[in-house]
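Trainee: turn this into a structure:
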Amino acid sequence: MFEKIKNKAFADTQERFDTLVGRTTTIYGRLVLLDSVRIDGKVLGNIETAPGNKISVAIGPTGEVTGDITAHRVLVAGKVDGNIYAAERVEFHKDSLVNGDISYGSISVEHGARLLGMIVQNKSAAQSANRALAAIQNAQTKS
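Mentor: You can find the predicted model right below:
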């Protein structure tokens, strides 16, 4: 009847990753992405995507990033030592470790994730949430 909760780092995600940085790979330098990437190795440098592109960056359980990450969606199961700027969504899976500030549209944090830094919602996401709340309140007062 009820399914037992298992350790589901990224196995069941709907994300499609066109690029994979393997666990034995270390990249030194800035990554500018045109497609989504999953990092199971190490990246020592910033990871960037063009504004408006719906590109995801996933850091697997063995992945480590030392640098800032700017993307549409960021999923972390490993370690990040730098700031994260997620236009739409950021997810922190259990055992993830982030040392840096986080800017997000929406956020998901599993029990066991460690976040060391400021956590701030994007202005555009906050404005959308305020408009939605105002619409709900307006509909309730008319009832």
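
Trainee: nearest residue to Phe17 other than its sequence neighbours?
Mentor: Excluding its sequence neighbours, the residue lying closest to Phe17 (Cβ to Cβ, 6 or more residues apart in numbering) is Arg38, at 4.1 Å. All C-beta atoms are positioned from the backbone trio N, CA, C, and that covers glycine.

Trainee: chain center to the helix or strand that contains the one you found, what's the gap?
Mentor: In this assignment (DSSP states H and E), Arg38 forms part of strand 37-39. With Cα atoms, centre = their mean, to the nearest Å as the basis, strand 37-39 stands 12 Å off its chain's centre.

Trainee: burial measure for Thr26, as a count.
Mentor: When neighbours are counted by other Cβ atoms under 10 Å, Thr26 registers 10.

Trainee: I'd assumed Thr19 was in contact with the residue nearest to Phe17.
Mentor: Yes. With contact defined as Cβ atoms under 8 Å, Arg38 reaches Thr19; the gap is 7.3 Å.

Trainee: neighbour count for the two, which is higher?
Mentor: Ranked by neighbour count (other Cβ under 10 Å), Arg38 and Thr19 place Arg38 first, with 22 against 13.

Trainee: who are the contact partners of the more buried one?
Mentor: Arg38 sits next to Phe10, Glu15, Phe17, Thr19, Leu20, Val21, Ala58, Ile59, Gly60, Gly63 when contact means Cβ atoms under 8 Å, 6 or more residues apart in numbering.

Trainee: now Tyr85
Mentor: Neighbouring residues of Tyr85 by Cβ under 8 Å, 6+ apart: Asp68, Ile69, Thr70, Ala71, Ser103.

Trainee: right, I'll call it a day here.
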